[in-house]
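Okay, here's the prediction I keep looking at, along with the sequence it came from:
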Amino acid sequence: MSLGPRARAHGSALLAAILLAMVSAGPLCAQSAAQPGQPSSPAAAPGAAAPAAAAPAAQAPSDALPLFKPNQAPENPLLRLEIVSLGSFPIMLFYTGFVFDLQRFIATDFNLSYAPWPYQSIYSAQLSDSERLTRVGVALGASLVLGGVDAYLHQLKLKKARRLHDAAAESNP
């Protein structure tokens, strides 16, 4: 069964979107997997003794900066969204350009005049203004989504730290 050029283009666009999402989510997943103060392996080695004085989960290490101070003004999540979005935009623009180039290369049945960035030559097909604007728009949207997810996760972390601080204050009058 042969797919038409339109169906191939939509399939390639879907592949490009999936690749972009995987590339974007990789650092986020790696950051959430590494928790400070936690052992690298979930299971202890057989025969190894557990630490005698294990610190409670609510107590932060002494060298760590506190997430919440009682007299501190609340942090503006929109400022964090803006900073992360502006910082991730160039990276998203690079990855978006590469994914769109790869999608266009696949959609044209691997025509070398549409080769992705590292393999382009002076004879390669040029981008139209609408394609260029689409790439910038997708990169802008992806960086805003990444900034929003980061701001949301940071707010959750601050709420948890505030609850732990309040619980510790109630238990120690």
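That came in fine, so what should we check first?

which residues are in contact with stretch 81-90?
Stretch 81-90 is contacted by residues Ala139, Leu140, Ala142, Ser143, Leu144, Leu146, Gly147, Gly148, Asp150, Ala151 when judged by Cβ atoms under 8 Å, 6 or more residues apart in numbering. Yep, even glycine has a C-beta here, placed from its N, CA and C like the rest.

Now for the fifth one: which residues touch it?
Leu144 is in contact with Leu81, Ser85, counting by Cβ under 8 Å, 6+ apart.

do you know how far it is from Pro118?
28 Å (Cβ to Cβ, to the nearest Å).

Quickly find the element holding Ile83.
Per DSSP states H and E, Ile83 falls inside helix 77-107.

List the buried residues in that helix.
The neighbour-count check on helix 77-107 (16 or more other Cβ atoms under 10 Å) flags 77, 80-81, 84-85, 88-89, 91-93, 95-107 as buried.

following it, which helix or strand shows up next?
Following helix 77-107 in sequence, per DSSP H and E, is helix 129-171.

circling back: need the contacts of stretch 81-90 in CSV with distance to Arg132 and pLDDT, can you?
Below are those laid out as CSV (distance: Cβ to Cβ, whole Å; pLDDT from 0 to 100):
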residue, distance to Arg132, pLDDT
Ala139, 11, 97
Leu140, 13, 97
Ala142, 16, 96
Ser143, 17, 97
Leu144, 19, 96
Leu146, 21, 96
Gly147, 23, 95
Gly148, 25, 95
Asp150, 27, 94
Ala151, 29, 92
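
low pLDDT regions in this protein?
1-73, 173 (pLDDT under 70).

please redo it, this time with the cut-off set to 80
The chain contains residues with pLDDT under 80 at 1-75, 169, 172-173.

re the thing from before, for the contacts of stretch 81-90, which two are the farthest from each other?
Spanning the widest gap among these are Ala139 and Ala151, at 18.5 Å by Cβ to Cβ.

would you turn the contacts of stretch 81-90 into JSON lines with distance to Ala167?
Converted to JSON lines, the contacts of stretch 81-90 look like this (distance: Cβ to Cβ, whole Å):
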{"residue": "Ala139", "distance to Ala167": "42"}
{"residue": "Leu140", "distance to Ala167": "41"}
{"residue": "Ala142", "distance to Ala167": "38"}
{"residue": "Ser143", "distance to Ala167": "36"}
{"residue": "Leu144", "distance to Ala167": "35"}
{"residue": "Leu146", "distance to Ala167": "32"}
{"residue": "Gly147", "distance to Ala167": "31"}
{"residue": "Gly148", "distance to Ala167": "29"}
{"residue": "Asp150", "distance to Ala167": "26"}
{"residue": "Ala151", "distance to Ala167": "25"}
